[in-house]
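Enquirer: take a look and give me a structure for this.
(chains A and B)
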There are 2 protein chains.
Amino acid sequence: MFRFSVRQKDSRTQTRLGSLTTAHGSVATPAFMPVATQGTVKAMTPRELCEIGTEIVLANAYHLYLRPGVELIEQAGGLQRFMGWDGPILTDSGGYQIFSLKDLCRVSEEGVRFRSHLDGSTHFLTPETVVRIQERLGVDIAMVLDECIPGLASYTEAARATALTTHWAERALGAKTRADQALFAIVQGGVFPDLREQSARALVALGFPGYAVGGLSVGEDPDLTRQVAGHTIQFLPETCPRYLMGVGTPEQLVRYVALGFDLFDCVLPTRNARNGTLFTRAGKLDIRRAVYATDQRAVEEGCECYTCQHFSRAYLRHLAVAGEILSAQLNTLHNLYFYQHLMRAMREALAAGEFATFARPFLEPVVTEGAEERLWQI
Amino acid sequence: MFRFSVRQKDSRTQTRLGSLTTAHGSVATPAFMPVATQGTVKAMTPRELCEIGTEIVLANAYHLYLRPGVELIEQAGGLQRFMGWDGPILTDSGGYQIFSLKDLCRVSEEGVRFRSHLDGSTHFLTPETVVRIQERLGVDIAMVLDECIPGLASYTEAARATALTTHWAERALGAKTRADQALFAIVQGGVFPDLREQSARALVALGFPGYAVGGLSVGEDPDLTRQVAGHTIQFLPETCPRYLMGVGTPEQLVRYVALGFDLFDCVLPTRNARNGTLFTRAGKLDIRRAVYATDQRAVEEGCECYTCQHFSRAYLRHLAVAGEILSAQLNTLHNLYFYQHLMRAMREALAAGEFATFARPFLEPVVTEGAEERLWQI
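Expert: Numbers count the residues shown, from 1 in each chain, chains lettered A, B, ... in the order given. Below is the predicted model:
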């Protein structure tokens, strides 16, 4: 059921045009997955997601397990039916969320015990139960349970967590029962190149249909993110989809597409929208600022999203200042359209053999003289 | 530009099928106007409003005057352009809101001085400035400034306010300059039949293109609302649209359509939606209740709204409990669809000569034996 094929590779960068086939439809890659943590992309209807070119969304197994519960979603006929989204869904295992609970979670070789952020109830999850949860949710792509460590963890701590994550990945693979669901591994290893290599090699040896790079963009220096991601990807098979978790800004998307990543997710476009921050080709714009009070232009001239086609900056500022729900709706629609449009533009540039030219303006601020070619290689 | 024509009258009730023509399009009556106080129907995009059959919306001149300000909306090319709604708009003058400020407002013969509920700034509005504000907003139907008194006001107090409202209405009419905007008068008079008659007769003598009945559904007993509305409407010309302000529940809409009212507005469907209360033909349903947690049915079987076509009660409960914005969106869409569908059903029943049959089930709870025929007469 699950297939990934690379249809075209760029001559100057590592970028590739691909196609992901799942039981719920195909996804053109590189692809951005809007975040639907609790089974809804905040402030967006499924038909609006379709309209802006979304082909896959990301939900969170941990959140859905706690509320409304796996049994309910299974009874509804799976997460797609439950949330009214017909297309492919990837669920994050929730490792990141569980380990963010810090004092409320305790990890052992067997699994992780934690207290719910909702009601304080105690839960114990293992690599096997997390696979089971995602199989019952009926999603197309499941993620293994990984141990996420703080960005500044020591080498010793990172080494221990990485070994455990690998061990858990092997157990997760053994627990799989559904042929219509792909299970992706997550490379960990903190900011340590040798641990990243070790993690990637071990997971690849286990043979997953897809690989994610986790534990990045969690507060570390962006240069470091770039180094680690660029280092790690070389150990991941070209025949498999490669997913950079939690990344990122529009510039980062272009950068990591250039490095050969295929899948992305990030709360930025949706969270920023609710805070009044809008993306444009010229940069971000805080719509609450007084300067927009009388600005009758669209957020972005030429943007074909519903928001830009029908509403002015002045109106969007009014909605934001007045605390209207429509503010979140229209801002989210624009930001996600911006992201999906960017992904589509990258795929088109790649298909036309013009990816490097397309990407340059996005990356220029960090290009040092003469280093441009190197940038694409890392 | 503004025209109203009665196309058909019911044989057994006072119900009439009409058509309101404005500079921004036509409205089939009886019509329900979703409330867009601050220039947005909360949690709804204009295209969603169109989709569910909305032909006219109600905004609030007082709110828009305070924020974002009349000048800005005028510069945008009028309220329609500003809020991205192409159809007709009626603005309430804001009298109700201003007089709700109680201690923050002081009325004189000349006008009303009040403090903004937003920032405490002092403002003075007169019948003339309120006409001017609405002309600058560029809406299709403006309402006169009226003095709204508490539901339990004494006869003396009601008489004074009613006389002032009539005097203000005359001044408002004199201040009108735009031919493409209709100005409606508002009948006041509290719960006193003779004051209502006096108010209606005086306003009709001034010759407005439409008449509203205000000061009802403000907490008084529903029987009293019915008596006063039924008494008042007989003094309003059949050739003009008759608007019952702030009413009401689905049952009330049917009841007052039967009495011959043509226009309605109410925050119930939108406000209830945000609180998780959904309308169905079988009554209201609080979607947050635990009983809906595993209910895989649509809110209402057979309902053709987007919400009912794609989402279960279980999912809507999950969204409400999780505090998701999509909860407000989907609930509002359903409730407003329910209202617009009800209005359409009434118009169709009327056109088919079956209004009384259609209306009976809605009104049954209050029909006393043998009194059914009388009900249609007031």
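Enquirer: in CSV, list the C-alpha atoms belonging to stretch A:85-96.
Expert: Coordinates of each C-alpha in stretch A:85-96 appear next as CSV, following Å, rounded to 0.1, in the frame of the first residue of the first chain:
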residue,chain,number,x,y,z
TRP,A,85,-10.2,14.6,6.4
ASP,A,86,-10.1,12.1,3.5
GLY,A,87,-6.4,12.3,2.7
PRO,A,88,-3.3,10.8,4.2
ILE,A,89,-2.4,11.4,7.8
LEU,A,90,0.9,11.0,9.6
THR,A,91,0.8,10.9,13.4
ASP,A,92,3.7,11.8,15.5
SER,A,93,4.1,9.3,18.3
GLY,A,94,4.1,12.0,21.0
GLY,A,95,7.6,11.3,22.3
TYR,A,96,8.4,14.9,22.0
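Enquirer: that one and chain B, are they touching?
Expert: No. Judged by C-beta under 8 Å from any C-beta of the partner chain, stretch A:85-96 stays clear of chain B, getting no closer than 9.3 Å. Quick note: C-beta positions are derived from backbone N, CA and C, even for glycine.
Enquirer: list the buried ones in that stretch?
Expert: A:85, A:87-96 (16 or more other C-beta atoms under 10 Å in any protein chain shown).
Enquirer: check stretch A:36-54 too.
Expert: Quick answer for stretch A:36-54 (16+ other C-beta under 10 Å): A:36-46, A:48-49, A:52-54.
Enquirer: what about chain B: which of these touch it?
Expert: Taking C-beta under 8 Å from any C-beta as the test, chain B is in contact with A:38-40, A:42-46 out of the buried residues of stretch A:36-54.
Enquirer: filter those residues down to the ones in helices?
Expert: residue A:46 (DSSP state H).
Enquirer: coming back round to it: right, and out of the buried residues of stretch A:85-96, which lies closest to residue A:324?
Expert: Within those, the smallest distance to residue A:324 is 25.6 Å, found for residue A:85 (C-beta to C-beta).
Enquirer: just the element for the closest one, please.
Expert: Under the criterion DSSP states H and E, no helix or strand holds residue A:85.
Enquirer: pipe the ones next to chain B among the buried residues of stretch A:36-54 into a markdown table and attach pLDDT and distance to residue A:352 per row.
Expert: Shown next, in a markdown table, are those (pLDDT from 0 to 100; distance: C-beta to C-beta, whole Å):
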| residue | pLDDT | distance to residue A:352 |
| --- | --- | --- |
| A:38 | 98 | 39 |
| A:39 | 98 | 37 |
| A:40 | 98 | 36 |
| A:42 | 98 | 34 |
| A:43 | 98 | 34 |
| A:44 | 98 | 30 |
| A:45 | 98 | 33 |
| A:46 | 98 | 31 |
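Enquirer: contact partners for the residue of the stretch 101-250 of chain A found nearest chain B?
Expert: In the stretch 101-250 of chain A, no residue comes nearer to chain B than residue A:118, which is 9.3 Å away by C-beta to the nearest C-beta. Taking C-beta atoms under 8 Å, 6 or more residues apart in numbering or on different chains, we find residue A:118 in contact with A:66-67.
Enquirer: same deal with the one 10 residues further on?
Expert: Neighbouring residues of residue A:128 by C-beta under 8 Å, 6+ apart: A:171-172, A:174-175.
Enquirer: quick one: furthest residue from the center of chain A?
Expert: What lies farthest from the middle of chain A is residue A:294; by C-alpha atoms, centre = their mean that is 36.0 Å.
Enquirer: wait, that residue touches residue B:69, no?
Expert: No. At 9.5 Å, residue A:294 does not count as touching residue B:69 under the criterion of C-beta atoms under 8 Å.
Enquirer: packing partners for the helix or strand where residue A:161 lies?
Expert: Counting by DSSP H and E, the element that carries residue A:161 is helix A:155-175. Helix A:155-175 sits against helix A:127-137, strand A:182-187, helix A:193-206, with contacts defined as 3 or more C-beta pairs under 8 Å, 6 or more residues apart in numbering or on different chains; DSSP states H and E.
Enquirer: switch the ones you listed over to JSON lines; also include mean pLDDT.
Expert: Formatted as JSON lines, the helices and strands packed on helix A:155-175 follow (pLDDT from 0 to 100):
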{"stretch": "helix A:127-137", "mean pLDDT": "98"}
{"stretch": "strand A:182-187", "mean pLDDT": "98"}
{"stretch": "helix A:193-206", "mean pLDDT": "98"}
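Enquirer: residue contacts, residue A:17?
Expert: A:6-9, A:28-30, A:347, A:350-351 are the contacts of residue A:17 under C-beta under 8 Å, 6+ apart.
Enquirer: mark which of the residues you listed are part of strands, please.
Expert: Of the contacts of residue A:17, the ones assigned to strands by DSSP state E are A:6-9, A:28-29.
Enquirer: residue A:197 - nearest residue in space that isn't next to it in sequence?
Expert: residue A:235 (5.6 Å; C-beta to C-beta, 6 or more residues apart in numbering or on different chains).
Enquirer: what's the most distant pair in the buried residues of stretch A:36-54?
Expert: Longest span within the buried residues of stretch A:36-54, C-beta to C-beta: A:38 and A:53, 22.8 Å.
Enquirer: what sits closest to residue A:164 if chain neighbours are left out?
Expert: Using C-beta to C-beta, 6+ apart and skipping residues adjacent in sequence, the residue nearest residue A:164 is residue A:147, 5.2 Å away.
Enquirer: burial of the one you found, as a residue count?
Expert: 22 (other C-beta atoms under 10 Å in any protein chain shown).
Enquirer: contact partners for the closest residue to residue A:207 other than its chain neighbours?
Expert: In space, and not counting its chain neighbours, residue A:207 is closest to residue A:173: 7.9 Å by C-beta to C-beta, 6+ apart. Counting by C-beta under 8 Å, 6+ apart, residue A:173 touches A:144, A:183, A:206-208.
Enquirer: check these and tell me the two furthest apart.
Expert: A:144 and A:207 (13.0 Å).
Enquirer: more neighbours: which of the two?
Expert: residue A:144 (28 against 10).
Enquirer: mind pulling up the pLDDT for the more buried one?
Expert: pLDDT, residue A:144: 98.
Enquirer: repeat that for the one 4 residues further on.
Expert: Predicted confidence (pLDDT) for residue A:148: 91.
Enquirer: which residues does the closest residue to it other than its chain neighbours contact?
Expert: Distances taken as C-beta to C-beta, 6+ apart put residue A:99 closest to residue A:148, at 4.2 Å, once the chain neighbours are dropped. When contacts are counted by C-beta under 8 Å, 6+ apart, residue A:99 touches A:105, A:107, A:112, A:147-149.
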